[in-house]
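**Q** model this:
(one chain, ligands or ions: 1)
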Amino acid sequence: MILFPHIIFGSALGSKLQNPIGGLGGAMLSHYFLDSFKHWDYSIENLKKFVKNEKNKNLKSAAIDFLKIILDLSLGFLALSLFFKNDPQFFLILLGGFFGALPDGLQVLHFTFPDNKVLAVHQEFHDFMHFSKKEKLIFPNGILSEIAVILIAILLFRL
Ligand SMILES: [Zn+2]
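**A** Numbers count the residues shown, from 1 in each chain. Got it, this is the predicted structure:
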């Protein structure tokens, strides 16, 4: 799932659960749960090839993939800032968004440091929870589940 819904949902959970450790843990766990639904993802294959230092790596296409991630992340945190900058829980809301997106950050770290055992175990779990990786959905297929996640997160915020 792209990062935007992960960030919004993680921040909603993070701000709702009274205990910050439970809330932020819940935000992170929500990531694996949401990834299990059929959804659309943009490709980051070129970035993967680049960090894995594969023969056919290409700096320009890797940079484009990296920009997609930065744009996706920025939009998520920009949305949170627009709506919640005056909220007394603003910091917790941002942290929730961070923890909601964190598993995908760990994934990029895993591609960069494939020998790290902890990252490898995490990757296995992430892949296990993710809906079939072989099934690549072409946009706009799979976008509905992501819109649904954003709507549910908005409802959560309003509870
Ligand atoms: Zn993920």
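**Q** Next SSE downstream of the top helix by length along the chain?
**A** Assignment by DSSP state H gives helix 59-84 as the longest helix of the chain. Next helix or strand after helix 59-84 toward the C-terminus (DSSP states H and E): helix 90-112.
**Q** Close to the ion: what parts of the protein are there?
**A** 35, 104 (C-beta under 5 Å from the ion). Where you see a C-beta, it was placed from the backbone N, CA and C, and this is true even at glycine.
**Q** gap between the residue in the chain sticking out farthest from the centre and residue 120?
**A** Distance from the C-alpha centroid of the chain, by C-alpha atoms, centre = their mean, peaks at residue 55 (27.8 Å). Look at residue 55 and residue 120: by C-beta to C-beta, to the nearest Å, they are 22 Å apart.
**Q** Could you do residue 100 as well?
**A** Residue 100 is 22 Å from residue 120, where distance means C-beta to C-beta.
**Q** Tell me which of these two has more neighbours.
**A** It is residue 100, of residue 100 and residue 120, that has more neighbours when counted by other C-beta atoms under 10 Å, with 30 against 12.
**Q** Quick check: phi and psi at the closest residue to the more buried one other than its chain neighbours.
**A** Nearest in space to residue 100, with sequence neighbours left out and distances taken as C-beta to C-beta, 6 or more residues apart in numbering, is residue 10 at 1.7 Å. Phi and psi for residue 10, reported as degrees, to the nearest 10, are phi -60, psi -40.
**Q** Contact partners for residue 10?
**A** 27, 28, 30, 31, 96, 97, 98, 99, 100, 101 (C-beta atoms under 8 Å, 6 or more residues apart in numbering).
**Q** Report the contact partners of residue 140.
**A** Counting by C-beta under 8 Å, 6+ apart, residue 140 has contacts residue 40.
**Q** Okay, and it sits in which element?
**A** Counting by DSSP H and E, residue 140 is found in no helix or strand.
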